[in-house]
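[1] Have a look at this prediction, sequence included:
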Amino acid sequence: MIYDMEYETMPREALESIQLRRLQTTVERVYASVPFYREQFQKAEVSPADIRSLKDLQRLPFTTKQDLRDNYPFGMFASPMDHVVRIHASSGTTGKPTVVGYTARDIQTWAQLMARALMAGGATRGDIIHNAYGYGLFTGGLGVHYGAELLGASVIPVSGGNTRRQVMIMKDFGPTIITATPSYSLHLMEVAEEMGVTAKDLKFKYGVFGAEPWSETMRAEIERKLNITAVDIYGLSEIMGPGVAIECKEAKRGLHIFEDHFIPEIIDPHTLEPLPYGQVGELVFTTITKEAFPVIRYRTRDICSLNPEPCICGRTHLRMSRVTGRSDDMLIIRGVNVFPSQIESVLMDTEGVTPHYQLIVDREGPLDVLTVRVEVSETMFSDEVKKLQAIERTISKNIKELLGVSATVKLVEPKGIARSEGKAVRVVDNRKL
Ligand code: DLL
């Protein structure tokens, strides 16, 4: 089922004409009301009147996370504060958070896009949604919440944490849809098993998972453990929150970007040149309907590619590939570029190890040292030490073959790696301390 048939299946020509009109309005809006953008446009010698076609978007300068930080907290708002009805912020591992604002109409738009997204993932009126994304400054909880209500589903605002109570609710309330980070959903099932609850005791049919990178193998694991169909949802606070793009349950191959609200581009992160469809690079977004916090050519740092091919679900919006990582998540280990997702793919291809892992990077003298800690399953853990050591060596060899870096692999007992209630912490880089 498609929530907004007209817009989600709009032919490209009609879509592009709407995009151009909305882009022009947005550019005028930021030029008139955000000093940062006015200065940037003047430096680039471009004015709102120069935006005559979608191609002209490329004349506009990029916006970076640093620009948002420099204008902390409200300097990028394009609406006066008495029109701003909601404020969210991204946690940010270093320094001040990034602060974003919404007008009443922005909240409505967000709810509509989240209703679209939830329906693409299998939800509809009458479903009960167990929403385990955190409520608060993080956009996950409230973003899903408003979309679920608009859809006419019953939403359980359970948020993150208090996992045993969540399992009780899952069993007693019979939710049919789960929304959570992929890592937390696996943790939920782990605690459920400890409590003697299995997928058979639950009514879940579909799950909508995102906010952190996850692999196809992890999807298979989640689908098996929860006995559901799992789709990937993408978003970021700076653009709106969850609901920027969603996989459809029909194809589960790439995430449809809601292009009537966001214009995507892929650029080479070094030369900043736009890249053609199919090529992997950094995802850049321009919002074209937001009022309080529009952004122009925002560099997300997320790495993916775009696919314009038609989809079996009937949606005409472009699809982005899974985000495999962020350019700033990339570790440089003895000069070699390493994404955590590449290590994850090696781990997930190894029998007996679980998707719970952590990468620890240290410096010994002048040398970077990578340690991969990964949990093994209960059955594997009871095997003899020699066998475990052989697995460690195999993983290490496979990492070396794939990435060309040496890693010390340490198998850890089941539940030996701390669980997160939101986004999993995959990397501990002690070189930065
Ligand atoms: O994570 C919004 C969200 C909430 C998305 C719930 C999906 C579900 P931020 O906290 O601002 O917002 O973090 C945004 O998380 O730039 C990506 O690096 C990463 N991310 C989000 N979704 C995915 C995904 C929310 N499906 C940052 N796959 C983004 C991979 C993702 N990475």
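    Arrived safely. Numbers count the residues shown, from 1 in each chain.
[2] Mind checking what secondary structure residue 20 has?
    Under DSSP: H, G, I helix; E, B strand; the rest coil, residue 20 falls in the helix class.
[3] pretty sure it is touching residue 57, no?
    No - in this structure residue 20 lies outside contact range of residue 57 using C-beta atoms under 8 Å: 9.2 Å. The C-beta positions use only the backbone N, C-alpha and C, and glycine is treated the same way.
[4] Could you look up the SS state of whichever residue of the stretch 251-400 of the chain sits closest to the ligand?
    Going by C-beta to the nearest ligand atom, the ligand is nearest to residue 323 of the stretch 251-400 of the chain, at 3.6 Å. Of the three states, residue 323 takes coil under three-state DSSP.
[5] The nearest residue to it once chain neighbours are set aside: which element?
    Nearest non-adjacent residue to residue 323, counting by C-beta to C-beta, 6 or more residues apart in numbering: residue 302, 4.6 Å away. According to DSSP states H and E, residue 302 maps onto strand 298-304.
[6] can you list contacts of the helix or strand bottoming out on mean pLDDT in the chain?
    One helix or strand of the chain scores below all others by mean pLDDT, DSSP states H and E: strand 325-326, with a mean of 83. Residues from elsewhere that reach strand 325-326 (C-beta atoms under 8 Å, 6 or more residues apart in numbering): 213, 300-303, 339-341.
[7] Which of these sits closest to residue 6?
    The nearest member of those to residue 6, counting by C-beta to C-beta, is residue 300 at 27.8 Å.
[8] So stretch 412-427, near the ligand or not?
    No - judged by C-beta under 6 Å from any ligand atom, stretch 412-427 makes no contact with the ligand; its nearest approach is 7.1 Å.
[9] how about that stretch: buried residues?
    Neighbour counts over stretch 412-427 (16 or more other C-beta atoms under 10 Å) mark 412, 417, 419, 421-424, 426 as buried.
[10] what does the helix or strand following the least confident helix or strand of the chain rub up against?
    Per DSSP H and E, strand 325-326 leads on to strand 331-333 as the next helix or strand towards the C-terminus. Identification of contacts with strand 331-333 by C-beta under 8 Å, 6+ apart yields 337-340, 359, 361, 368, 370, 405, 427, 429.
[11] Give the single residue among the residues you listed positioned nearest to residue 307.
    Among the contacts of strand 331-333, residue 339 lies closest to residue 307 (C-beta to C-beta), at 20.2 Å.
[12] How about that closest one: what's its closest non-neighbour residue?
    Once flanking residues are discounted, residue 339 sits nearest to residue 325: 4.0 Å by C-beta to C-beta, 6+ apart.
[13] Bridge partners for the one you found, pull those for me.
    Beta-bridge pairing of residue 325 under DSSP bridges involves residue 303.
[14] Ok, residue 408 next?
    residue 371.
[15] Please give me every residue in contact with it.
    369-372, 396.
[16] mind listing the helices in the stretch 301-433 of the chain by residue range?
    With helices called from DSSP state H, counting those that start in this stretch, the stretch 301-433 of the chain shows them at 340-348, 378-381, 385-403.
[17] Outline the domain layout of the protein.
    Domain assignment for the chain, taken from automatic domain parsing, gives 5-328, 333-432.
[18] Buried deepest among those domains, which one?
    Mean neighbour count, computed with mean count of other C-beta atoms under 10 Å, is highest for domain 5-328 among the domains of the chain, reaching a mean of 19.
[19] The strand holding residue 302 close to the ligand?
    Yes - using C-beta under 6 Å from any ligand atom, we find that strand 298-304 touches the ligand at 300, 302.
[20] just curious, which of the buried residues of stretch 412-427 is nearest to residue 271?
    Using C-beta to C-beta, residue 426 is the member of those that lies nearest residue 271, at 28.6 Å.
[21] From residue 420, how far off is that closest one?
    For residue 426, the distance to residue 420 (C-beta to C-beta, to the nearest Å) stands at 10 Å.
[22] Please see if the least confident helix or strand of the chain touches the ligand.
    Yes - contact between strand 325-326 and the ligand, assessed by C-beta under 6 Å from any ligand atom, occurs at residue 326.
[23] For residue 29, give me its contacts.
    Contacts of residue 29 by C-beta under 8 Å, 6+ apart are 78, 291, 294.
[24] Quick one: those as TSV, columns for secondary structure and pLDDT too.
    Shown next, in TSV, are those (DSSP: H, G, I helix; E, B strand; the rest coil; pLDDT from 0 to 100):
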residue	secondary structure	pLDDT
78	coil	98
291	coil	98
294	coil	98
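[25] which of the residues you listed lies closest to residue 279?
    residue 294 (26.9 Å).
[26] so where's the stretch 201-350 of the chain shaky on pLDDT?
    Within the stretch 201-350 of the chain, no range satisfies pLDDT under 70.
[27] one step back: my guess is the residue nearest to residue 323 meets residue 283, correct?
    Yes - between residue 302 and residue 283 there is a contact under C-beta under 8 Å: 4.7 Å.
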